[in-house]
Each structure stands twice: as structure tokens, then as C-alpha cells.
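Novice: show me how the following folds:
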Amino acid sequence: MAFVPTPINGPVIAEVDMGSDSAPSTVRVTIVQAATVFYDTPATLDKAERLIADAAAYGAQLVVFPEAFIGGYPRGSTFGVTIGSRSAKGKEDFRKYHASAIEVPGPEVDRLAAIAGKYKVYLVMGVIEKAGYTLYCTVLFFDSQGQYLGKHRKLMPTGLERIIWGFGDGSTIPVFDTPLGKIGALICWENRMPLARTAMYGKGIEIYCAPTADSRDVWQASMTHIALEGGCFVLSANQFCRRKDYPPPPEYFFGGPDDNLSPDSVVCAGGSVIISPSGTVLAGPNYEGEALISTDLDLGEIARAKFDFDVVGHYARPEILSLTVKDYPLHPVSFAAAPKSGGAQNS
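Specialist: Sure thing, here's the model as predicted:
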């Protein structure tokens, strides 16, 4: 089966040639490579629904969005932070960014669930989650019946991300056993954390989603390595965006007041890609613009790859190397109730 590439602002873009004798057990997947409508979460949700509808029209069963698609990846912003101080404008930038984030659960989650159910797709969506006044870079999972399955919070934000995002814990590193396969996700550079990957392999992940903000060539090497290491399909989704996809100065600066980028300057070049368990690139990487990137996954490839190398199976040496994952939530505050009065006394 073959797809013909076309622009996103026309029909869908998709790249695959499975041939005529592909295994009957296949899953059609689509990666969305598109930009957030920054500071406008309702408009971003509308855009997401249009893209999901396009993907579903081409038979997608699983649709994967980039890191921070809902709420936005604040590329180029410093939030007015220097060591020892934060500017008034930076604090106002954070207020607006917080206002664009979503609560989980919440009305936006309900809408995403309804969209997944309407178009009968499994959905993996990058969002900025707010829990009180702390933000998290989060991935949400939905099934094709319109049910919210759960979330993954980024364990380790990178660089200045640590100023604006909280840290996830072991309670949100799920792998969901679905009719399409076992699906999970790690976000951007936490994919470079060997122990985090090993936790995912230990949970049996088969369709490994890697929403990211990294469009560098070296990212492709990481994605290929993970596919080979884990014996899994890797679906890496990134935004493609230009300076004009963010508010203009002085409302939003790239790197400070010296921001002189033209509106058409590319600030994230995409590079979304789908890779098989054998390390074969099935679709992408795409650096040309907003796109829907699709292929059919032959699930038999997983067993064929694991025959060679099963990182937590026959290639493991647990008597020498082992990993313990604390998969329970951590709370900063706990309350101990006073013992109830009355009742029998011990003598």
C-alpha cells in the first residue's frame, strides 16, 4: 500500500510503501507535525480536531501530536529569568502561559476524549498541564471509544524548562495495553535517559511515542537507537513553526528585546519520523513544513526484532544489572489525623 505526499493545507501528507504482501496484522498511524496557536487554547483545540479528522479520513487508527501542542512550547522565551532575579514582564509572560495550560481532568480533556471517540482513533496528545500554579509538560492518552486513559508527566525538563515546568514522578510512566499494541511515551530529552527507557521496555512497550521539540539531525540517531534497543516502533512527533506562529514583539520575544527574526523565519524545523523495530525509517523525517506523516506498522516486525535482541528478555542479566522503579506518587504535604477518642482501651 502506498501513499502520495501532499501538503498539509491541502490533503494529508503520508509516506509509506508497505508492498503487496505485508502481514495482515497492521496498524495505520499518523504523526501530526504542526504548530500551536500560541496563547489561544480554544483555537489550538479546533486545529487539533481538524488535523485528527484529516488523519482519520485516511484511515489512521493512532494519531500522535508533538510535545506541548496544547498550551504551547515557549521556544525562545526567557521568562525574564536571570540568576537571582525575575523581571515583571517575565512574570506576566508566565501568567499568560499558565492561563493557556489545561487542567487534567478538565473540560479540554473531555473535549479531546470526545474528538478521539468521534473519529475512532487512539490519540496521544502533548499538553501543558496545570495543577494549581505548577505547570507540567504532559502527554495524554485516549482510546478510540472516547475514554481518557491516563497521562505521562515529563520526568526531567531540560535547561530553562526547569524554571517553568515541574518534575513528574514514577506514578505517571504508563504503558497502555490496547488492541493496537502496548502504547506509551517519553518526552523529548527524557528519551535520552537510559533508565527511563528501560522502565518502558520493562512494561512491554511496542509503540513507543516520542513527542519532542528537538529538530536537530542528531535526534534521528536517538530515535533509531531506541527502536533497535527496545525492539519497538518509534513515533517521534515535533512541531514545525515559524516566528509568526508566536505573538510579535514586544508581546513575545525570542531571546530578549533584540529579537529581529522575520515572521517567516523557521524556529522549529520538525523532523518528525516513524521507525521500525529493525531501525528502518518508515516515514519522514519531514523538514518541509506542517504535515501529517503516516504509515502502516507491521506488528510482526516486533517479534522478528526481539528474536535478535530482547533488552529485558533473553539479553537481560538481572543477576548483574537490575532497575527498581518507584511507580507511586510523591506528595509534598501529608496530613496525619489525630486518633479518635473513646472506644476500648488497651490494658
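Novice: so how far is stretch 96-108 from its chain's centroid?
Specialist: Distance of stretch 96-108 from the chain centroid (C-alpha atoms, centre = their mean, to the nearest Å) equals 16 Å.
Novice: and it, what's buried?
Specialist: Neighbour counts using 16 or more other C-beta atoms under 10 Å place 97, 98, 100, 101, 102, 104, 108 of stretch 96-108 among the buried residues. No exception for glycine: its C-beta is placed from N, CA and C like everyone else's.
Novice: same deal with stretch 80-87?
Specialist: Going by neighbour count (16+ other C-beta under 10 Å), the buried part of stretch 80-87 is 80, 81.
Novice: need the contact partners of it.
Specialist: Applying C-beta atoms under 8 Å, 6 or more residues apart in numbering, the contact partners of stretch 80-87 are 79, 88, 89, 90, 91, 93, 160, 163.
Novice: out of these, flag the one nearest to residue 277.
Specialist: Using C-beta to C-beta, residue 160 comes nearest to residue 277 of the contacts of stretch 80-87, at 34.7 Å.
Novice: and the closest one, what does it touch?
Specialist: By C-beta under 8 Å, 6+ apart, the contact list for residue 160 reads 78, 79, 81.
Novice: any idea how far the first one lies from residue 317?
Specialist: From residue 78 across to residue 317, the span is 45 Å (C-beta to C-beta, to the nearest Å).
Novice: how about the helix or strand harbouring residue 223: buried residues?
Specialist: Using DSSP states H and E, the element containing residue 223 is helix 217-230. Buried positions in helix 217-230, judged by neighbour count with 16+ other C-beta under 10 Å: 219, 220, 222, 223, 224, 225, 226, 227, 228, 229, 230.
Novice: cool, and stretch 255-268?
Specialist: Across stretch 255-268, burial judged by 16+ other C-beta under 10 Å covers 261, 267, 268.
Novice: following the top helix by length along the chain, which helix or strand comes up?
Specialist: For the chain, the helix with the greatest residue count under DSSP state H is helix 41-57. As assigned by DSSP H and E, the chain's next helix or strand after helix 41-57 is strand 62-64.
Novice: ok now that following strand, how far from the chain's centre?
Specialist: 10 Å.
Novice: look up how far residue 40 lies from the residue most central in space within the chain.
Specialist: Centroid-nearest residue in the chain: residue 211, 3.3 Å away (criterion: C-alpha atoms, centre = their mean). With the distance defined as C-beta to C-beta, residue 211 ends up 20 Å from residue 40.
Novice: follow-up on the earlier one: mind saving the C-alpha coords of the helix or strand following the helix holding residue 223 as PDB?
Specialist: Later in the chain than helix 217-230, the nearest helix or strand by DSSP H and E is strand 233-236. Only the C-alpha atoms of strand 233-236 are listed here, as PDB (Å, rounded to 0.1, in the frame of the first residue of the first chain):
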ATOM      1  CA  PHE A 233       8.100   1.100  16.700                       C
ATOM      2  CA  VAL A 234       9.200   4.700  17.500                       C
ATOM      3  CA  LEU A 235       6.800   7.600  16.500                       C
ATOM      4  CA  SER A 236       8.500  10.900  17.100                       C
END
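Novice: so which residues make contact with strand 233-236?
Specialist: Defining contact as C-beta under 8 Å, 6+ apart, one finds that strand 233-236 is touched by 29, 31, 62, 64, 181, 206-212, 219, 223-224, 226-227, 271-277, 297, 301-302.
Novice: and these, which of them are in strands?
Specialist: Secondary structure defined by DSSP state E assigns 29, 31, 62, 64, 181, 207-209, 272-275, 297 of the contacts of strand 233-236 to strands.
Novice: Throw those residues into CSV and include distance to residue 247 and neighbour count, thanks.
Specialist: Output for the ones in strands among the contacts of strand 233-236, formatted as CSV (distance: C-beta to C-beta, whole Å; neighbours: other C-beta atoms under 10 Å):
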residue, distance to residue 247, neighbour count
29, 33, 29
31, 26, 33
62, 32, 24
64, 27, 28
181, 40, 23
207, 35, 26
208, 34, 29
209, 29, 25
272, 25, 29
273, 29, 27
274, 32, 28
275, 35, 27
297, 38, 28
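Novice: residue 151: which of the residues you listed is nearest?
Specialist: Residue 151 lies nearest to residue 209 out of those, by C-beta to C-beta, at 12.6 Å.
Novice: could you list every residue that touches residue 209?
Specialist: Listed by C-beta under 8 Å, 6+ apart, the contact set of residue 209 reads 64, 124, 139, 183, 184, 185, 235, 236, 237.
Novice: over to residue 32?
Specialist: Going by C-beta under 8 Å, 6+ apart, residue 32 touches 48, 51, 52, 55, 63, 64, 65, 66, 69, 237, 292.
Novice: if we go to 6 Å?
Specialist: 51, 65 (C-beta atoms under 6 Å, 6 or more residues apart in numbering).
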